[in-house]
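Enquirer: Kindly generate the corresponding structure for this input.
(one chain, ligands or ions: 1)
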Amino acid sequence: MHSKSKINSYLNQQQKLFGNELYLQLSTVYTNKLNEHTQTETANKLEKFYKSIYLCQNCKLGKTRKNFVFGSGDSNADLFLVGEAPGKTEDLIGQPFVGEAGQLLNKILSAIGKNRDNGVFITNVLKCRPPNNRTPLSSEISECQPYLIKQIKLIQPKLIVALGRIAGKTLLKKELTLNEMRKSKYNFFGIPLRITYHPSALLRNPDLKRIAWDDFKWVKNYLEK
Ligand code: URA
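Expert: Numbering: from 1, shown residues only. Model (predicted):
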């Protein structure tokens, strides 16, 4: 049904039930429409932003990458996840977290009732793969950081979760161990930030899974508040 006739039939039904007392019902319809509009607007802005940066050559990684990995997910996400940098598979496919660590991340998200297309946006500190997955250089992080900040400003998530020490240290601008970083809630450009283990660390050391699970339970509760 066309959305205008849907609204008309809804209003007729409401009028039959409640007469002319339609104020609350109408505001619900209006808010839903407004949300749809804002969502499309954010998706369009993200797309436009992607098109303005995907040919980036601000650092040397522009020469060695196969694909610029912008990030993916819901433009209306309440949860914004930040990893370190694309790996080999991500570089080939152009999407973040599609390798083994990504499979584990999908399971974690599903355990907190989320999935990558609904309420979640995933990206990395670096948008291009460092050769042989070496640790990002601080010059590469500085060049790339404005992209991350703009993505966060466009999406306006309820919570940012940094995955791993590199993402945590980049957003916090502090040298702490991951175990120290994960103990507090911080703020990044006005948006709450938590830091937890990178899924690759959980693959290497399964004993950390229980601790990471405590963090993700906190994330679930926080998002449901
Ligand atoms: N590790 C990351 O930090 N990011 C990815 O996209 C994949 C693996």
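Enquirer: Phi and psi next, for V161.
Expert: Main-chain torsions, V161, degrees, to the nearest 10: phi -120, psi 120.
Enquirer: Isn't it up against D78?
Expert: No. Counting by CB atoms under 8 Å, D78 is not a contact partner of V161; they are 11.1 Å apart. Any C-beta I mention is one placed from the backbone N, CA and C, and that applies to glycine too.
Enquirer: quick one, which of those two is more surrounded?
Expert: V161 (24 against 17; other CB atoms under 10 Å).
Enquirer: how close does the more buried one get to G73?
Expert: Between V161 and G73 the computed distance is 13 Å (CB to CB, to the nearest Å).
Enquirer: can you give me the strands in this protein?
Expert: 72-73, 79-83, 120-124, 159-163, 186-188, 191-196 (DSSP state E).
Enquirer: any chance of those strands in TSV, plus mean pLDDT and distance to the ligand?
Expert: Converted to TSV, the strands of the chain look like this (pLDDT from 0 to 100; distance: least, CB to the nearest ligand atom, whole Å):
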stretch	mean pLDDT	distance to the ligand
strand 72-73	98	10
strand 79-83	98	3
strand 120-124	98	5
strand 159-163	98	6
strand 186-188	97	17
strand 191-196	98	13
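Enquirer: Deepest-packed of the ones you listed, please.
Expert: Of those, the one with the most neighbours on average (mean count of other CB atoms under 10 Å) is strand 79-83, at a mean of 26.
Enquirer: Give me the distance between that strand and the centre of its chain.
Expert: Relative to its chain's centre, strand 79-83 lies at 4 Å (CA atoms, centre = their mean, to the nearest Å).
Enquirer: next one: stretch 75-92
Expert: Stretch 75-92 has its C-alpha centroid displaced from the chain centroid by 7 Å (CA atoms, centre = their mean).
Enquirer: Kindly report the same for stretch 64-75.
Expert: 12 Å.
Enquirer: Spit out the contact partners of the closest residue to P192 other than its chain neighbours.
Expert: Excluding the flanking residues, the one nearest P192 by CB to CB, 6 or more residues apart in numbering is L159, at 5.2 Å. L159 makes contact with 78-80, 191-194, 219, 222-223, according to CB atoms under 8 Å, 6 or more residues apart in numbering.
Enquirer: what about 7 Å?
Expert: 78-79, 192, 194, 219, 222-223 (CB atoms under 7 Å, 6 or more residues apart in numbering).
Enquirer: now L109
Expert: By CB under 7 Å, 6+ apart, the neighbours of L109 are 115-116, 120.
Enquirer: ranges for the helices of the chain?
Expert: In the chain, the segments counted as helices under DSSP state H are 3-18, 23-53, 61-64, 88-93, 100-111, 138-155, 165-172, 178-181, 199-204, 209-224.
Enquirer: rewinding a little: and the two most separated of the contacts of L159?
Expert: D78 and R194 (13.3 Å; CB to CB).
Enquirer: ok, back up a step: any idea which of the contacts of L109 is the one closest to G99?
Expert: Distances from G99 to these, taken as CB to CB, are shortest for R116 (14.0 Å).
Enquirer: Skip the chain neighbours and tell me the closest residue to the closest one.
Expert: G73 (5.4 Å).
Enquirer: wait, doesn't that neighbour sit right on G119?
Expert: No. Between G73 and G119 there is no contact under CB atoms under 7 Å: 8.4 Å.
Enquirer: how does the protein divide into domains?
Expert: For the chain, the structural domains run 1-53, 59-223, going by automatic domain parsing.
Enquirer: near the ligand, anything from stretch 140-155?
Expert: No. Against the ligand, stretch 140-155 shows no contacts by CB under 6 Å from any ligand atom, the least distance being 12.7 Å.
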